[in-house]
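S.K.: starting from these lines, generate the structure:
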Amino acid sequence: DYVSFWRHNWADGVWTVLAFARADLMPVRWRHLAPACLVLGLLATGLLGLLWRPLGWLFVAIAVLYSLAALALSLRIATDEKDWRYVFTVPFTIASMHFMRGMGSLWGVVRLFGEGRVVHAIRLVLRPQGTSKLGPLASNG
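M.R.: Below is the predicted model of the structure:
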């Protein structure tokens, strides 16, 4: 059921970002933030591309590259599983997963703003990995 799949991925995106509100170290790996960057990049280039054509072309380039990567993955899965239905279902599933996680993450950012914790989250993102307020050895436990 795709609706429960979308809800689950939305919640994953929200909580990926809300983890920044109380953490002292970067609470997720960079890859967990990729869906938010993808969605934000598509929204920004799509909307601003209406005003400045080069950004519209950047939107198209991002969408085409993403689609080609999803198609390549679906071909690999279809070949491995010997079931060509995956060529049609996997790209939609992957795109909907990334879109919902990305939108959920952006909603999480809105919630961080509402809680006054966005500056704290930005500090965590900008802090060199493997260090904390206690120094680099504190994160080795």
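
S.K.: helices of this protein, residue ranges please.
M.R.: Using DSSP state H, the helices of the chain run over 2-18, 34-48, 53-81, 86-115, 118-126.

S.K.: output the contacting helices and strands for the first one.
M.R.: Other elements packing on helix 2-18 under the criterion 3 or more C-beta pairs under 8 Å, 6 or more residues apart in numbering; DSSP states H and E are helix 34-48, helix 86-115. The way it works is simple: take the backbone N, C-alpha and C, and place the C-beta from them, glycine included.

S.K.: mind putting the helices of the chain in JSON lines, mean pLDDT included?
M.R.: Shown next, in JSON lines, are the helices of the chain (pLDDT from 0 to 100):
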{"stretch": "helix 2-18", "mean pLDDT": "96"}
{"stretch": "helix 34-48", "mean pLDDT": "97"}
{"stretch": "helix 53-81", "mean pLDDT": "97"}
{"stretch": "helix 86-115", "mean pLDDT": "96"}
{"stretch": "helix 118-126", "mean pLDDT": "92"}
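
S.K.: between those, which one is closest to Val28.
M.R.: For Val28, the closest of the helices of the chain is helix 2-18, at 5.5 Å, according to C-beta to C-beta.

S.K.: please report how far the residue nearest the centre of the chain lies from Gly46.
M.R.: Nearest residue to the geometric centre of the chain (C-alpha atoms, centre = their mean): Pro35, 1.5 Å. The gap separating Pro35 from Gly46 is 16 Å, by C-beta to C-beta, to the nearest Å.

S.K.: contacting residues around the residue nearest to the centre of the chain?
M.R.: Gly13, Met97, His98, Phe99, Arg101, Gly102, Ser105 (C-beta atoms under 8 Å, 6 or more residues apart in numbering).
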